[in-house]
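Undergrad: from the sequence below, what's the structure:
(one chain, ligands or ions: 2)
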Amino acid sequence: MIDYLFEKIEREQELNKEDLCRLLALENPQELETLYNMADKIRKKYVRDEVHLRGLIEFSNHCRNNCLYCGIRRDNTKLVRYRMDLDEIVDTAVLAQKLGYKTVVLQSGEDPCYTVDKLEYLIKSIKARADVAITLSIGERPREEYKRLYEAGADRFLMRFETSNRALYHKLHPDSSFDRRMESLKWLREIGYQVGSGTMVGLPGQTIADIAEDILKFKELDLDMVGVGPYICHNDTPLAGSANGDVEMTLKVIALTRIVTRDSHIPATTALATLRPADGREKALQCGANVVMPNTTPMKYRAHYALYPAKICINEKAEQCSACIHRRIFSIGRPVSRDYGHSLKRKISV
Ligand code: 5AD
Ligand code: FES
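TA: Ligands and ions are numbered 1, 2, ... in the order given. Predicted structure coming up:
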């Protein structure tokens with residue numbers, strides 16, 4: 001049975017939900033190795049060996065939402081809140097470029113304090129001072145705002161749908177609806193952004209069948225980027241005491257996402273590295289991933305951007321993370337990309 005599925009992958013035939021469920025259930029180490037090797041081969045064929053680095057700037061941990069799993073949710077009063085001012089964000093983007101990153105990812109909670117006027121100024125200032133692609137990860141906004149930010153120079157947008165199980169989505173996100181999230185992703189695509197989305201693996205209440213649906217959804221949405229990380233329990237949330245997502249399951253999802261989506265950009269996520277600091281990112285890069293997002297947030301803020309506990313790199317400076325990431329990538333014989341690492345799915349004019 002499994003050989004039949006491996007053959008299907010080898011021939012690049014489409015996998016259906018049942019196939020994905022079976023593959024997600026694999027536990028035999030030899031079979032897992034076969035799956036990971038196949039994903040690695042497809043990664044090499046479609047996105048080559050280069051690893052793209054995206055400098056992550058976590059510019060505000062204020063959030064108007066109350067997502068049940070998230071450490072920066074509105075009701076977490078234990079968190080020290082911060083906002084970086086615009087010039088400080090621009091300076092950080094310039095530093096990211098000096099470290100060789102060709103993309104900066106501007107990420108925050110859903111923080112209306114950064115009005116569309118301010119964000120426009122921010123994007124234009126970064127583009128004037130640094131030769132980098134800009135990815136936004138700032139959550140849900142009106143269509144008109146997405147459009148203005150794209151016209152100001154933003155290239156890409158990341159917004160995970162977190163789970164394709166509509167009922168689970170609504171349980172976990174009291175302030176947002178599944179349809180609204182899907183509509184926002186559609187707007188972003190229509191406007192012209194390269195669009196990234198993704199999910200967490202091991203959310204309380206999530207099943208294998210849900211995860212198989214997630215992977216089919218990545219394909220259906222024709223995403224340029226797909227980020228998948230394990231759920232990590234934060235004890236200052238309503239999900240306190242729940243189990244963390246499983247590292248091996250996350251690797252299987254990354255491998256199958258590569259096999260199913262072929263040429264999307266897939267990061268080795270920080271959440272995965274947090275549960276497996278020694279070699280989580282290397283493992284992900286060897287079973288389908290081709291992107292790493294080194295933390296570039298100024299040190300004094302890092303510990304406060306606590307989506308989940310024990311996040312790696314909270315005591316490292318941007319320069320140290322850069323050196324660390326380069327070392328890890330070279331250790332597995334992969335080169336670091338020198339270009340922007342735009343989507344391979346559509347023609348991008350810069
Ligand atoms: N564990 C793992 N990932 C998390 N995220 C938020 N909270 C957690 C958590 N507790 C992820 C979400 C979000 C991304 C920025 O971080 O998937 O989209
Ligand atoms: Fe920050 Fe390794 S990436 S120390």
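Undergrad: going by C-alpha atoms from here, please, whenever you check contacts or count neighbours.
TA: Will do.
Undergrad: buried ones in the helix ranked longest in the chain, by neighbour count?
TA: Ordering each helix of the chain by length in residues (DSSP state H) puts helix 29-47 first. Neighbour counts using 16 or more other C-alpha atoms under 10 Å place 32, 35-44, 47 of helix 29-47 among the buried residues.
Undergrad: what of stretch 70-89?
TA: For stretch 70-89, burial by neighbour count (16+ other C-alpha under 10 Å) applies to 70-75, 79, 83-84, 86, 89.
Undergrad: so where's this structure shaky on pLDDT?
TA: 347-350 (pLDDT under 70).
Undergrad: for ligand 1, what are the nearby residues on it?
TA: Taking C-alpha under 6 Å from any ligand atom as the measure of proximity, the chain contacts ligand 1 at 69-70, 160, 162, 199-200, 230-234, 271, 307-308.
Undergrad: so which residue of this protein comes closest to ligand 2?
TA: Nearest residue of the chain to ligand 2, counting by C-alpha to the nearest ligand atom: Cys321, 3.4 Å away.
Undergrad: excluding chain neighbours, what is closest to that residue?
TA: Pro294 (6.2 Å; C-alpha to C-alpha, 6 or more residues apart in numbering).
Undergrad: picking that back up, following element in sequence after the longest helix of the chain, please.
TA: strand 52-60 (DSSP states H and E).
Undergrad: can you tell me which helices and strands that following strand packs against?
TA: helix 86-98, strand 103-108, strand 291-292 (3 or more C-alpha pairs under 8 Å, 6 or more residues apart in numbering; DSSP states H and E).
Undergrad: quick one: the strands in this structure?
TA: Assigned by DSSP state E, the chain shows strands spanning 52-60, 103-108, 133-137, 156-158, 194-201, 225-230, 267-268, 291-292.
Undergrad: list of residues touching the fifth one?
TA: By that I understand strand 194-201. 155-163, 185, 188-189, 211, 214, 218, 223-231, 245-246, 249-250, 342-343 (C-alpha atoms under 8 Å, 6 or more residues apart in numbering).
Undergrad: tell me the residues of the chain that contact ligand 2?
TA: So the chain meets ligand 2 at 294, 313, 316, 320-321, 324-325 (C-alpha under 6 Å from any ligand atom).
Undergrad: so how far is Ser177 from Glu14?
TA: As judged by C-alpha to C-alpha, to the nearest Å, Glu14 and Ser177 stand 30 Å apart.
Undergrad: those two: who's more crowded?
TA: Ser177 (15 against 10; other C-alpha atoms under 10 Å).
Undergrad: now the one residue in the stretch 51-200 of the chain that gets nearest to ligand 1: how far from Lys17?
TA: Residue nearest to ligand 1 within the stretch 51-200 of the chain: Cys70 (3.9 Å; C-alpha to the nearest ligand atom). To Lys17, Cys70 is 29 Å away according to C-alpha to C-alpha.
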